[in-house]
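give me the fold of what follows.
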Amino acid sequence: TFVAGSANHIAPARVAYGFFVGVAIYRAWAMGVRPFRLGPVALGSALLICLFAPPILGVAITDAVTQLIAFPLIVWGGASAVTERGRALCTWSGRLSYPVYALHYPILMAVIAYLSR
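Reported below is the predicted structural model:
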């Protein structure tokens, strides 16, 4: 969780899992599969609970449950709760997310290299 733990030792697996779950969520959503509809307050509350809840079951289990199950469900629920008014913003941010994901690390390294001269 955000407050209590870290699962950085398995970072490559976490990145791969998140990427492919994102692809699966997108494909399911594109085919019309909607798991549930929750409003932004409920989804935001679920996110805050996941980020700040104490690790009752231990740090490793809490991290695994939030990262492998809760976060993907929150993303899927958010994608399923889009209204017509929010669709343009969600489409734009979704199209922007992959380029940002692909470029943030090389840009960060270039800035660090520049600043360390």
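
which stretches of this structure have low pLDDT?
With pLDDT under 70 as the threshold, the chain has low-confidence stretches at 1-9, 81-82.

ok, 80 please
1-11, 13-15, 34-40, 78-91, 93-94 (pLDDT under 80).

which helix runs longest in this protein?
Across the chain, the longest stretch assigned as helix under DSSP state H is helix 84-115.

please state the offset of that one from the chain centre?
When C-alpha coordinates are averaged (C-alpha atoms, centre = their mean, to the nearest Å), helix 84-115 and its chain have centres 14 Å apart.

try stretch 35-49
For stretch 35-49, the distance to the chain centre is 13 Å (C-alpha atoms, centre = their mean).

and if you look at stretch 39-52?
Distance of stretch 39-52 from the chain centroid (C-alpha atoms, centre = their mean) equals 12 Å.

in that stretch, which residues are buried?
Using 16 or more other C-beta atoms under 10 Å as the burial criterion, the residues of stretch 39-52 that qualify are 43, 46, 47, 50. For glycine as for every other residue, the C-beta is placed from the backbone atoms N, C-alpha and C.

next, the angle helix 84-115 makes with the one helix or strand the second one maps to.
This means residue 46. Of the helices and strands defined by DSSP states H and E, residue 46 is found in helix 40-52. Our comparison of helix 40-52 with helix 84-115, counting by axes from the mean of the first three to the mean of the last three C-alpha atoms, to 10 degrees, yields an angle of 30 degrees.

let's verify residue 28: helix, strand, or coil?
Assigned with DSSP: H, G, I helix; E, B strand; the rest coil, residue 28 falls in the helix class.

what's the burial count for it?
The tally of other residues near residue 28 (other C-beta atoms under 10 Å) stands at 15.

pretty sure it contacts residue 76?
Yes - in this structure residue 28 lies within contact range of residue 76 using C-beta atoms under 8 Å: 7.4 Å.
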